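**Student:** Just the structure for this:
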Amino acid sequence: MKVIVIDDEKNALILLEALLKELFPEITHIYTALDLKEGVELIHKHAPDIVFLDIEMPNYSGLQILDFFDSKQVNFNIIFVTAYNQYAVEAFKLSAVDYILKPININHLKAAVQRSKERKAQKEVGQQLEKLKKLTINRLPIEVPNGMIFLSYDEIQYLEADGSYTKIYVKDGNVKVISKTLKFFVDQLSNNDFFFKSHRSYLVNIKYVKEFVKNDGGYLLMKNDTRIPLVKANFDAFSDCVKELF
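**Tutor:** Predicted structure coming up:
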């Protein structure tokens, strides 16, 4: 049996690798990667039976693994490894997606591996993929102090940089302060055409733009009457983006 472990925390990666070697003699090969893109390359190259995947990593969340494969290419089971024990776990339970919590409990690890082996034997890997798609489609995983929430793209009005943090303004008027830079979310939302970077400090959801004003240096008037700066160099790009979408 071949296994790939993907985790940007090197110590966590080494620990899980050691546990797998100690507990599962049937595992003949273990490959490791420190980010999702490197892990995807290993998956294509080695065709593993199980992929252990951290969720919160730089550049790409582990939940974005489906962006790199179509259903015909997925013949491996995914076991998410997460430090978040509330929101994420509840979502995984509802979707029957395998996960283990950090710090790793040996009994939970054994149970997760056993479930994966049974799914592989019963050829249920495709069903897990469909459940995972339902979990992640149109939602952005957001780290919060007591866990993780999955925020619908349609709920996000705009994001504002605040040093090494990002403020996320949501539909109900709440503001979530996340300990990630705006660039992190720009990368996360790069495939969603409705999110536009109007200014170095702002990423807006075009669905919530009420008016585009060229006066006073240029700004976007949001539906909640907030003015978001739009730099002159982005005037044409914003107009083109709106024309393509609507």
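**Student:** Next, the spatially most central residue of the chain: phi, psi?
**Tutor:** What sits nearest the mean C-alpha location of the chain, by CA atoms, centre = their mean, is Ser61, with 3.3 Å. Torsion angles at Ser61 (phi, psi; degrees, to the nearest 10) stand at phi -70, psi 150.
**Student:** Which helix or which strand is home to the residue lying closest to it once chain neighbours are set aside?
**Tutor:** Nearest non-adjacent residue to Ser61, counting by CB to CB, 6 or more residues apart in numbering: Pro141, 5.4 Å away. Any C-beta I mention is one placed from the backbone N, CA and C, and that applies to glycine too. In the assignment (DSSP states H and E), Pro141 maps to strand 139-144.
**Student:** Got the domain ranges for the chain?
**Tutor:** Following automatic domain parsing, one finds the domains of the chain at 2-137, 152-245.
**Student:** Now the weakest link among those domains, please, by mean pLDDT.
**Tutor:** Note on those: domain 2-137 shows the lowest mean pLDDT, a mean of 82.
**Student:** isn't Val81 right next to Leu15, touching?
**Tutor:** No: shown here, Val81 and Leu15 do not form a contact pair, counting by CB atoms under 8 Å, at 10.4 Å.
**Student:** what residues are shared contacts of these two?
**Tutor:** The contact sets of Val81 and Leu15 overlap at Ile104 (CB atoms under 8 Å, 6 or more residues apart in numbering).
**Student:** How about Asn224, nearest residue that isn't a chain neighbour?
**Tutor:** The shortest distance from Asn224 to any non-neighbouring residue, by CB to CB, 6+ apart, is to Gln157 (6.7 Å).
**Student:** now do Ser164
**Tutor:** Thr181 (5.8 Å).
**Student:** and if you look at Glu38?
**Tutor:** Excluding its sequence neighbours, the residue lying closest to Glu38 (CB to CB, 6+ apart) is Ile6, at 7.6 Å.
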